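# missing the sequence, but the structure's below:
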Ligand code: FES
């Protein structure tokens, strides 16, 4: 079991637990984090599972692959901390991850 | 030969070509859902999947594909096509039967990547002013009429023009493109008669020649539009000319059809649930959830297929590799297990609303943001500019068939605000 924390646009934090290999998106969807729409269900095809990685974590994540990067560039308000939660898989290395949610996905 | 299936021969109550089904498919969907497991439907030679979890699971599974080529030989595919009356229509086979929609894996991903940018939230948001001024002009021209066919005079006039502008088609050509699109798409539906086949092939041929001419114009004078950018991608070796033509046709056809249908059924839903229309009028901030609910409540493309590339279990039942599944999005989107006991109620504020009207997985509807923005602008404008709206025919007729859902016409009486 790993921990992941979602902080919404108003600063409200929710800490949840995740299984090895579970995507951050599916943790959110399974636990009522409604700001993660995840409309395509995790295929890197919709861009509605956008989050901003907390400053303390940006250095510690593996870089996005080409398809994730291509999608991020086309989102509303992307920054260098933007990631797609469906592409982030929980593991030992990500235990304690903190992500911030945009107010709206599109 | 024709391959028109007859539903009743097989002793099933599921009759998706009937007028009863067209008017209200939801009792039939509920009956299928209540059976639990997928149900075999001999007319289409496929297993119908109706429960939300099962439909979502298949749509999002990369081992479920659109094209049968992963497990059928070329001869078997040709035989299938012959049975479905899909042969001897060279342009249709070349540009319509092959498309991004019916490809999978790396080919699909490569084609999708070429057009993706024009359909993303950031790009679409920049089209808002253009869409608003287009809709304003249209509403100006209709506002004093007092009564219109909402489908023909309003809904049908917007999405095709907007997608045309994104692609680079001049406004004055849009009515012709709509005729071609409808003729091509109609052949996808269940009536694969020779007569429809001839129309579809002729429309595809004319459409092809039109696009060749447009491409030649862009070659001489490049513009800031999608077709110019696709031609640059072709020059860079990212797609060939047939793929380019096929992709343009797919985009134009997708842009003409389903948004018009859901505009019509969405307006109809609000008239059937007037408290929800009043709620949206009082609180325009609900427009996003209201539009999501329109897609859930009357999913405009309620049926897609997938083939299993591996043995699988769906709804507790085992199926072998090669099984063809019919995903009934319209049924899944009314599943009480996913949407609660009020799944058959139109709720303009429903949130979350994780419906499947745009499909799921790698084929997730590319045009979803554009469709939603078209709808947002149209409904927001109408709610502002009309003081009352009512139905002229209490029971508008819906299109027949399983693969589309939308009213054929929707006569409205209204008074300007
Ligand atoms: S869920 Fe669609 S891109 Fe992440």
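Sure, I can see it. Quantities reported herein were computed from a predicted structural model and do not represent experimental measurements.

# Distance from stretch A:9-20 to the middle of the chain?
Taking CA atoms, centre = their mean, to the nearest Å, one finds the center of stretch A:9-20 at 10 Å from the center of the full chain.

# Contact residues of the stretch 51-200 of chain B facing chain A?
Where the stretch 51-200 of chain B comes near chain A, counting by CB under 8 Å from any CB of the partner chain, the residues are B:56, B:59-60, B:62, B:109, B:112-113, B:116-117, B:120-123, B:125. C-beta here means a position set from N, CA and C on the backbone, and glycine is covered the same way.

# With secondary structure, neighbour count and pLDDT as extra columns, can I get these in JSON lines?
Shown next, in JSON lines, are these (DSSP: H, G, I helix; E, B strand; the rest coil; neighbours: other CB atoms under 10 Å in any protein chain shown; pLDDT from 0 to 100):
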{"residue": "B:56", "secondary structure": "helix", "neighbour count": "23", "pLDDT": "96"}
{"residue": "B:59", "secondary structure": "helix", "neighbour count": "26", "pLDDT": "95"}
{"residue": "B:60", "secondary structure": "coil", "neighbour count": "20", "pLDDT": "92"}
{"residue": "B:62", "secondary structure": "coil", "neighbour count": "11", "pLDDT": "89"}
{"residue": "B:109", "secondary structure": "helix", "neighbour count": "16", "pLDDT": "87"}
{"residue": "B:112", "secondary structure": "helix", "neighbour count": "20", "pLDDT": "90"}
{"residue": "B:113", "secondary structure": "helix", "neighbour count": "15", "pLDDT": "87"}
{"residue": "B:116", "secondary structure": "helix", "neighbour count": "18", "pLDDT": "86"}
{"residue": "B:117", "secondary structure": "helix", "neighbour count": "14", "pLDDT": "85"}
{"residue": "B:120", "secondary structure": "coil", "neighbour count": "21", "pLDDT": "88"}
{"residue": "B:121", "secondary structure": "helix", "neighbour count": "22", "pLDDT": "86"}
{"residue": "B:122", "secondary structure": "helix", "neighbour count": "16", "pLDDT": "86"}
{"residue": "B:123", "secondary structure": "helix", "neighbour count": "16", "pLDDT": "89"}
{"residue": "B:125", "secondary structure": "helix", "neighbour count": "13", "pLDDT": "90"}
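
# Tell me which two in those are the farthest apart.
Checking these against each other with CB to CB, the farthest-apart pair comes out as B:62 and B:125, at 30.0 Å.

# Closest residue of the stretch 151-300 of chain B to chain A?
Chain A sits closest to residue B:288 of the stretch 151-300 of chain B, with a gap of 8.3 Å, by CB to the nearest CB.

# quick one, strands of chain A?
Per DSSP state E, chain A carries strands over the ranges A:2-7, A:13-18, A:50-53, A:82-84, A:97-100.

# Which helix runs longest in chain B?
If you go by DSSP state H, chain B has its longest helix at helix B:241-272.

# what angle sits between the very next helix or strand once past that helix and helix B:241-272?
Towards the C-terminus, the helix or strand next in line after helix B:241-272, according to DSSP states H and E, is helix B:274-282. Here helix B:274-282 points in a direction 110 degrees away from that of helix B:241-272 (axes from the mean of the first three to the mean of the last three CA atoms, to 10 degrees).

# now helix B:274-282, how far from the centre of its chain.
Using CA atoms, centre = their mean, we find the averaged C-alpha position of helix B:274-282 to lie 26 Å away from the chain's own average C-alpha position.

# just checking, what packs against it?
Counting contacts by 3 or more CB pairs under 8 Å, 6 or more residues apart in numbering or on different chains; DSSP states H and E, helix B:274-282 packs against helix B:241-272, helix B:287-297, helix B:368-385.

# Turn those into CSV, columns for mean pLDDT and mean neighbour count.
Shown next, in CSV, are the helices and strands packed on helix B:274-282 (pLDDT from 0 to 100; neighbours: other CB atoms under 10 Å in any protein chain shown):
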stretch, mean pLDDT, mean neighbour count
helix B:241-272, 93, 23
helix B:287-297, 97, 23
helix B:368-385, 96, 21
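
# quick one on the thing from earlier: among the strands of chain A, which is nearest chain B?
With CB to the nearest CB as the criterion, chain B lies closest to strand A:50-53 of the strands of chain A, at 9.3 Å.

# Spit out the contact partners of the residue in the stretch 301-417 of chain B positioned nearest to chain A.
Of all residues in the stretch 301-417 of chain B, residue B:364 sits closest to chain A, with a separation of 3.6 Å (CB to the nearest CB). In this structure, residue B:364 makes contact with A:39, A:40, A:41, A:43, A:45, A:46, B:358, judged by CB atoms under 8 Å, 6 or more residues apart in numbering or on different chains.

# from chain B, which residue is nearest to chain A?
Of all residues in chain B, residue B:120 sits closest to chain A, with a separation of 3.2 Å (CB to the nearest CB).

# Hmm, that residue is touching residue A:78, no?
No - the pair residue B:120 and residue A:78 fails to qualify as a contact (CB atoms under 8 Å) at a distance of 10.4 Å.

# So which residue is dead centre in chain B?
The residue at the geometric middle of chain B, judged as the C-alpha nearest the mean C-alpha position with CA atoms, centre = their mean, is residue B:258 (3.8 Å).
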